[in-house]
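Peer 1: structural data only, the sequence is not supplied:
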């Protein structure tokens, strides 16, 4: 236990204890004869604090748990202790503190509700999703405490607040169902959430339907997949992920013309998804056997050097660097990336004078480099990955992943 967290813990407990004591004095009025129990209570608190100061958190925890006077006047100190344990990663201790609070019969409904929410957060942090789900569901729906798995002797009907805590419970349930990939439950909870608050990620509901569409497509149930995509379009118009899945279904059903049109529309509306659309377009061209479709696709290779550079880079990111159009656009990429262009000029001359064989070798080398580095990065938290995710594994945001700009690799890779 570091010195700084210990001092923060002790300071927080001092503040909470003082607040509880002042609240008790305010509520007790002129009850001066009760000073002796207050001194006894203070001695227990200071004994627990001495254990914390001496790096003996287990003994400190036992002292606080043995204190029977957890009531409306002293409960804030116990909340502070439990929350700080959780923040420090000592979730097992936080669970014991919050369970101890709930077990006390003298608490108000408000404090019991607060303790239930804190305990649910402890379970969530510990990965005990079944227990966290039970408590968050009770907090979101209302009901008796014994339905959440609490001891029958401590069961007490608790009415949840309709407001912030109600919405927060629903948001936690969404996170649980997302991690468990229970998309049907996530859709149902999302419908509850939009009735009381704004969702953190408005496109999440469309992604839930897309996840179900992917599962239906993989099982060969194209009718169910199209129905889920229709529901996704109802909540999010021009949704790129839905269009890409529809393109996959079109390819599976041997409709390459439709797949190419869908991918073209995705790129027009969402240029950063070019690396995801390109492989599908190439598959459509190959499977169609249509020279007309291939001609139309090739005609769409842009003339602007900067756009051609982005096209070449997206193809390399997508792992299709062997295609002829990549070699054609490669000199533009080298001109747009000065450091890389200087290396090529030093080795093989001007980029525009490279032979087709040299361009092929260079594209292959770039592909190998990119496959060993982080090609996508979350714009919200900075989490980087070699592959694309619709939901960031780091911060759980939807639609936050984007390819790194040109060859702007991670700092570690640049230094290497």
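Peer 2: Sure, I can see it. In this text, all values refer to a predicted model and were calculated from it rather than measured experimentally.
Peer 1: element containing residue 377, please.
Peer 2: Taking DSSP states H and E as the definition, one finds residue 377 inside strand 376-378.
Peer 1: now do the following helix or strand past that strand: which elements does it pack against?
Peer 2: Scanning forward in sequence from strand 376-378, with DSSP H and E defining helices and strands, the next element found is strand 384-385. Using 3 or more Cβ pairs under 8 Å, 6 or more residues apart in numbering; DSSP states H and E as the contact criterion, the neighbours of strand 384-385 among helices and strands are strand 376-378. C-betas here are computed from N, CA, C, even on glycine.
Peer 1: what sits up against the strand it packs on?
Peer 2: Around strand 376-378, the neighbours that count as contacts under Cβ atoms under 8 Å, 6 or more residues apart in numbering are 383-389, 392, 394-395, 397, 400-404.
Peer 1: buried set for stretch 92-111?
Peer 2: Under the neighbour-count criterion of 16 or more other Cβ atoms under 10 Å, stretch 92-111 has 93-102, 104, 107, 111 buried.
Peer 1: want to throw the residues you listed into CSV with secondary structure, pLDDT and distance to residue 130?
Peer 2: Compiled in CSV, these are given as follows (DSSP: H, G, I helix; E, B strand; the rest coil; pLDDT from 0 to 100; distance: Cβ to Cβ, whole Å):
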residue, secondary structure, pLDDT, distance to residue 130
93, helix, 82, 21
94, helix, 87, 18
95, helix, 89, 14
96, helix, 84, 19
97, helix, 82, 21
98, helix, 87, 17
99, helix, 86, 16
100, helix, 81, 22
101, helix, 82, 21
102, helix, 84, 18
104, coil, 77, 25
107, coil, 76, 25
111, helix, 83, 25
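Peer 1: and these, which is closest to residue 82?
Peer 2: Taking Cβ to Cβ as the measure, residue 82 lies nearest residue 97 of those, at 3.6 Å.
Peer 1: pretty sure the closest one is touching residue 85, no?
Peer 2: Yes - counting by Cβ atoms under 8 Å, residue 97 sits close enough to residue 85 to count as a contact (6.4 Å).
Peer 1: which residues in the stretch 301-416 of the chain form helices?
Peer 2: Across the stretch 301-416 of the chain, reading from the start of the chain, the helices by DSSP state H, counting those that start in this stretch fall at 305-317, 324-336, 338-348, 356-371, 411-415.
Peer 1: what angle sits between the second one and helix 305-317?
Peer 2: Our comparison of helix 324-336 with helix 305-317, counting by axes from the mean of the first three to the mean of the last three Cα atoms, to 10 degrees, yields an angle of 120 degrees.
Peer 1: circling back to that earlier point, can you give me the buried ones in the strand holding residue 377?
Peer 2: By neighbour count on 16+ other Cβ under 10 Å, the buried set for strand 376-378 is 376, 377, 378.
Peer 1: that one pairs with which strands?
Peer 2: For strand 376-378, sheet partners with direction are given as strand 384-385 (antiparallel), strand 401-403 (antiparallel), following DSSP bridges.
Peer 1: ok, residue 79 - contacts?
Peer 2: For residue 79, the contacting residues are 16, 101, 114, 115, 118, by Cβ under 8 Å, 6+ apart.
Peer 1: what pLDDT does the third one get?
Peer 2: Same thing as residue 114. According to the predicted model, the pLDDT of residue 114 comes to 88.
Peer 1: pull the contacting residues for it.
Peer 2: Contacts here follow Cβ under 8 Å, 6+ apart; on that basis residue 114 touches residue 79.
Peer 1: surely residue 399 and residue 202 touch.
Peer 2: No - Residue 399 is beyond contact range of residue 202, at 9.7 Å (criterion: Cβ under 8 Å).
Peer 1: these two: which is more packed in?
Peer 2: Each of residue 399 and residue 202 had its neighbours counted (other Cβ atoms under 10 Å), and the higher figure belongs to residue 399 (22 against 13).
Peer 1: for that one, phi and psi?
Peer 2: phi 60, psi 30 (degrees, to the nearest 10).
Peer 1: excluding chain neighbours, what is closest to it?
Peer 2: In space, not counting the residues next to it along the chain, residue 399 is nearest to residue 203; the distance is 5.6 Å by Cβ to Cβ, 6 or more residues apart in numbering.
Peer 1: let me know the closest of the buried residues of strand 376-378 to residue 166.
Peer 2: When these are compared for distance to residue 166 (Cβ to Cβ), residue 378 wins out at 29.1 Å.
Peer 1: so the closest one versus residue 114, what's the distance?
Peer 2: Residue 378 sits 33 Å away from residue 114 when distances are taken as Cβ to Cβ, to the nearest Å.
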